[in-house]
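Asks: Let me see the structure of the following:
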Amino acid sequence: MSKNDLSKKLKSKVAGFKFNFAACLFKMKRRSGLLPILIVALIFFILNAYVLSGIKVVIHQEWLAPAFWVFIVGITVALVLAITKMRKGINQFFTIVTHAFLIMLAAETVFAIFLFIGDLYRVASSITTNFQPQGYHMDERSYYWVDVALMMFGLTVLLFAFGIRNGKYAYRVIKHTLYFDDLPQSFDGFTLTQISDIHAGSFTKPKEVQKGIDLINAQKSDLFVFTGDLVNNAASEIVPYIPLFSQIKVPFGQFSVLGNHDYGDYIKWPTEADKIKNLNQLKAYHQELGFKLLLDEHVVLEKNGEKIILAGIENWGVGFGERGDLNRALQHTAVNDFKILLSHDPSHWDAQVKNHPSKIQLSLAGHTHGMQFGIEAFGIKWSPVKYRYKHWAGIKTENNRYLNVNRGFGFLGFSGRIGIWPEITVIELKRK
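Replies: Numbers count the residues shown, from 1 in each chain. Now for the predicted structure:
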């Protein structure tokens with residue numbers, strides 16, 4: 001065999017190896033993508049099988065198991081269909097199916113927790129009890145714990161029903177007084193009202209929204225700011241509510257920024273030009289609302305010859321688009337100027353703001369909604385969103401700088417709120 005033939009043969013084998021290796025990698029990627037889905041599906045199956053085993057204690061019918069699984073499979077298939085069509089926008093089918101699935105899943109989880117407590121008690125009793133009465137079988141479940149689990153299942157459903165019917169418009173005014181060494185004397189006692197995440201496309205009751213507007217105006221603040229997500233997807237969603245939100249008027253003006261939903265990234269547009277047109281229309285609607293939209297820029301607020309800087313950037317969030325340019329927004333400001341920053345996503349504060357060379361004394365964000373579900377009572381502050389965001393609601397201070405995360409004025413996805421109520425924030429600036 002000649003050197004040329006040997007060289008060609010080696011090249012052929014190397015090319016074949018590279019192709020096979022690439023094919024293996026591709027298969028591994030596909031498998032790794034399927035793995036989380038398979039794990040979730042397995043957990044979901046185990047949860048439902050466990051719940052069914054508990055229901056069988058009180059319902060002794062042959063039809064129970066087939067009917068149960070037909071229902072579970074049916075609602076799961078409906079959920080998948082609803083999600084696949086979501087790119088066209090949130091419709092009534094999506095809302096009904098997702099809410100039904102969410103309520104079912106939450107109630108089943110609560111049922112399973114109490115059933116498991118009963119099972120643990122049963123196992124512990126079987127270990128510690130030396131004598132069992134004749135005819136007693138410790139492997140049989142107690143009706144007591146199944147009844148408790150069923151009661152908690154029903155309470156969970158009622159809780160979600162309350163959140164859907166009443167929670168989403170149960171506006172709360174939350175007040176904070178913040179102290180600063182470098183606040184200009186003229187702004188001592190200056191107040192601002194912040195709302196965030198209006199999500200106008202989710203509203204169905206303008207009269208209830210009006211109650212929130214009235215609460216905002218009742219605060220009689222010096223400044224009003226809105227920290228993004230005016231709509232869910234399309235600019236047209238805000239049109240019916242322009243007469244309501246345009247009622248907000250304060251002495252130092254109304255200012256706003258964009259949130260991740262305002263860019264129309266979550267639905268499919270006929271063309272890119274349509275998407276751009278929608279964003280431009282949304283910006284025009286901010287003006288109709290009487291909101292000065294800050295796009296990587298700042299304004300100077302003056303009082304008695306002293307000033308503070310109000311800056312606002314386009315959405316910047318880890319995993320949600322890093323569009324904003326903080327340095328551009330702060331151009332022509334001094335390092336030690338007193339600054340308030342509007343930035344929709346609180347992850348921006350950790351990434352760029354809290355250690356920025358130009359001191360930003362107060363940042364205002366939203367975005368998290370507090371996941372619209374959680375507990376804030378009796379010294380407990382918890383929501384599932386804490387596993388995604390280190391700071392998801394209220395005031396945080398670090399490096400002698402403050403961040404406030406508003407829990408949101410509106411709602412999205414889940415058409416309700418439980419324990420995390422829609423928020424109107426009022427902040428008073430005080431000089432130390």
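
Asks: Give me the neighbour count for the residue lying closest to residue 347 once chain neighbours are set aside.
Replies: Setting aside the residues directly before and after it, residue 347 is nearest to residue 318 in space (CB to CB, 6 or more residues apart in numbering), at 4.2 Å. All C-beta atoms are positioned from the backbone trio N, CA, C, and that covers glycine. When neighbours are counted by other CB atoms under 10 Å, residue 318 registers 14.

Asks: all strands of the stretch 301-432 of the chain, in order?
Replies: 306-312, 339-342, 362-365, 375-377, 380-382, 394-398, 401-405, 423-431 (DSSP state E, counting those that start in this stretch).

Asks: right, and those strands - which one's nearest residue 177?
Replies: For the strands of the stretch 301-432 of the chain, proximity to residue 177 was assessed by CB to CB; strand 423-431 is nearest, at 4.6 Å.

Asks: what's the average pLDDT for the closest one?
Replies: In this model, strand 423-431 carries a mean pLDDT of 98.

Asks: swap in stretch 366-382?
Replies: The pLDDT scores in stretch 366-382 average 94.

Asks: and the end-to-end length of it?
Replies: 17 Å (CA to CA, to the nearest Å).

Asks: got a list of contacts for that stretch?
Replies: Stretch 366-382 has contacts (CB atoms under 8 Å, 6 or more residues apart in numbering) with 163, 167-168, 196-197, 227-229, 259-260, 317, 320, 344-346, 383-385, 388-389, 392-394, 405-408, 411-414, 416-420.

Asks: Just the buried subset of those, please.
Replies: 163, 167-168, 196-197, 227-229, 259-260, 317, 320, 344-346, 383, 385, 389, 392-394, 405-408, 411-414, 416-420 (16 or more other CB atoms under 10 Å).

Asks: shaky segments in the chain?
Replies: Within the chain, the ranges that satisfy pLDDT under 70 run 1-33, 86-90, 126, 128-140.

Asks: rerun at 90
Replies: 1-38, 40-41, 57-58, 60, 79-99, 102, 118-145, 378, 413 (pLDDT under 90).

Asks: what are the ranges of the helices in it?
Replies: 3-55, 64-84, 92-128, 143-165, 206-218, 242-245, 272-289, 326-329, 347-348 (DSSP state H).

Asks: Buried deepest among these, which one?
Replies: Highest mean neighbour count of the helices of the chain: helix 347-348, a mean of 24 (counted as mean count of other CB atoms under 10 Å).

Asks: Quick check: can you list the domain ranges of this protein?
Replies: Here the domain parsing of the chain from automatic domain parsing is 1-165, 171-431.

Asks: Based on its surroundings, how many neighbours for residue 266?
Replies: Residue 266 - counted by other CB under 10 Å - has 13 other residues nearby.

Asks: State the distance from it to residue 231.
Replies: 11 Å (CB to CB, to the nearest Å).

Asks: got it, and residue 34?
Replies: Taking CB to CB, one finds residue 34 at 34 Å from residue 231.

Asks: What are the buried residues along stretch 172-187?
Replies: For stretch 172-187, the neighbour count (16+ other CB under 10 Å) marks 174, 180, 183, 184, 187 as buried.

Asks: neighbouring contacts of it?
Replies: So stretch 172-187 is contacted by 215, 219, 303-308, 336, 338, 361-362, 394-395, 402, 404, 421-432 (CB under 8 Å, 6+ apart).

Asks: buried subset of the residues you listed?
Replies: Among the contacts of stretch 172-187, the ones that count as buried (16+ other CB under 10 Å) are 215, 219, 307-308, 338, 361-362, 394, 402, 404, 421-429.

Asks: Residue 216 and residue 249, how far apart?
Replies: For residue 216, the distance to residue 249 - CB to CB - is 10 Å.

Asks: Sorry, slip of the keys, the one I care about is residue 382.
Replies: 37 Å.

Asks: Between those two, point out the one with more neighbours.
Replies: residue 382 (13 against 10).

Asks: Reformat the strands of the stretch 301-432 of the chain as CSV; add distance to residue 46.
Replies: Shown next, in CSV, are the strands of the stretch 301-432 of the chain (distance: least, CB to CB, whole Å):
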stretch, distance to residue 46
strand 306-312, 48
strand 339-342, 45
strand 362-365, 38
strand 375-377, 26
strand 380-382, 25
strand 394-398, 36
strand 401-405, 35
strand 423-431, 37
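
Asks: To residue 151, which of those lies closest?
Replies: Using CB to CB, the nearest of these to residue 151 is strand 375-377, at 19.7 Å.

Asks: Tell me the buried residues in the closest one?
Replies: Quick answer for strand 375-377 (16+ other CB under 10 Å): residue 376.

Asks: Excluding chain neighbours, what is closest to residue 65?
Replies: With CB to CB, 6+ apart, the residue lying closest to residue 65 is residue 52, at 6.4 Å.

Asks: OK, contacts around that neighbour?
Replies: So residue 52 contacts 64, 65, 68, 69 (CB under 8 Å, 6+ apart).

Asks: Specify which member of those is nearest to residue 39.
Replies: residue 69 (20.2 Å).

Asks: State the distance from that closest one to residue 76.
Replies: Distance from residue 69 to residue 76, by CB to CB: 10 Å.

Asks: cool, residue 355 as well?
Replies: Separation of residue 355 from residue 76 (CB to CB): 45 Å.

Asks: got it, and residue 315?
Replies: The value you get for residue 315 to residue 76, if CB to CB is used, is 33 Å.

Asks: Likewise for residue 172?
Replies: With CB to CB as the criterion, residue 172 and residue 76 are 35 Å apart.

Asks: Could you do residue 117 as well?
Replies: Residue 117 is 27 Å from residue 76, by CB to CB.

Asks: Repeat that for residue 182.
Replies: 56 Å.

Asks: How many neighbouring residues does residue 321 have?
Replies: Residue 321, neighbours per other CB under 10 Å, totals 15.

Asks: My read is that residue 48 contacts residue 72, right?
Replies: Yes - between residue 48 and residue 72 there is a contact at 5.3 Å, judged by CB atoms under 8 Å.

Asks: what residues does stretch 271-289 touch?
Replies: 230-231, 234-236, 238-239, 242, 245-246, 248, 254, 256, 258, 262-264, 269, 292-293.
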